[in-house]
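>>> After the sequence you'll find the predicted model.
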Amino acid sequence: MLKKLFGKKEVQTEETIVAPITGSVKKLEDVPDPVFSQKMMGDGIAIEPIEGVAVAPVDGEVIQFFHTKHAIGIRSKTGVEILIHVGLETVNMKGEGFTGHVKEGDKVKAGDKLITFDLELIKEKASSTITPIVITNGDILDSVKKLEQAECKKGETPLMETKIKV
């Protein structure tokens, strides 16, 4: 009884990252930008979107939201930091076609809407719509398992399973 009251609290070490965007799943190595394909920012996957909505891939907190609304960082409950970067060269759009639905410091649940974006405008003005989803602090992880998915649905399809070092 006392052990239950005063014992160590269970620490969550494993987590599933779900798709933040609906579309086709691609290998990060296939992203036509060396910053992502060479994993300079971290490991992950990419999605070729078929609709212009990005949702939270985990329960956590918004830790970074670029003023141009093209990229957002979330820290999960286990401490995994995930960057969602909508399209390539989209920073040059200076926020045009992007609408943010959260702000830094907001708590989010997996599936909560983060960003809406004009997919046709990105096709017209940026180099690609492909959206990297990158774990930027992989040094805290014991393992990352990328799940073999061809297509994904935002807020539902599991993409990666992580386990943090204890």
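Received the coordinates, thanks.

>>> Over to Glu120: give its phi and psi.
Dihedral angles phi and psi of Glu120 (degrees, to the nearest 10) take the values phi -70, psi -40.

>>> count of residues packed around it?
Residue neighbour count, defined by other CB atoms under 10 Å, stands at 11 for Glu120. (Glycine included, C-beta is placed from N, CA and C.)

>>> Over to the one 5 residues further on?
In terms of burial, Lys125 registers 15 neighbours under the definition other CB under 10 Å.

>>> Next, give phi and psi for the nearest residue to it once chain neighbours are set aside.
Ranked by CB to CB, 6 or more residues apart in numbering and with sequence neighbours excluded, the top spatial neighbour of Lys125 is Met93, at 5.4 Å. Here is the backbone geometry of Met93 (degrees, to the nearest 10): phi -80, psi -10.

>>> if I pick Met93, what's in contact with it?
If a contact means CB atoms under 8 Å, 6 or more residues apart in numbering, then Met93 has Thr68, His70, Leu121, Ile122, Lys125, Ala126 as its contacts.

>>> how close does the nearest residue to Lys153 once chain neighbours are set aside get to Cys152?
Leaving aside its sequence neighbours, Lys153 sits nearest to Thr22 (CB to CB, 6+ apart; 5.2 Å). Separation of Thr22 from Cys152 (CB to CB, to the nearest Å): 7 Å.

>>> Which residue of those two possesses the greater neighbour count?
Between Thr22 and Cys152, counting by other CB under 10 Å, Cys152 is the more crowded of the two (23 against 20).

>>> Just confirm the more buried one contacts Lys26, I think it does.
No: counting by CB atoms under 8 Å, Cys152 sits too far from Lys26 to count as a contact (10.4 Å).

>>> Who's the closest spatial neighbour of Ala54, skipping the chain neighbours?
Spatial nearest neighbour of Ala54, chain neighbours left out: Ile115 (4.4 Å); criterion: CB to CB, 6+ apart.

>>> Kindly apply the preceding question to Lys26 instead.
Sequence neighbours aside, Ala46 is the residue nearest to Lys26 in space, at 4.4 Å (criterion: CB to CB, 6+ apart).

>>> quick revisit: compute the distance between the residue nearest to Lys125 and Ile115, please.
13 Å.

>>> ok, now Val166?
Distance of Val166 to Ile115, computed by CB to CB: 33 Å.

>>> Ok, Gly23 next?
Distance, Gly23 to Ile115, by CB to CB: 14 Å.
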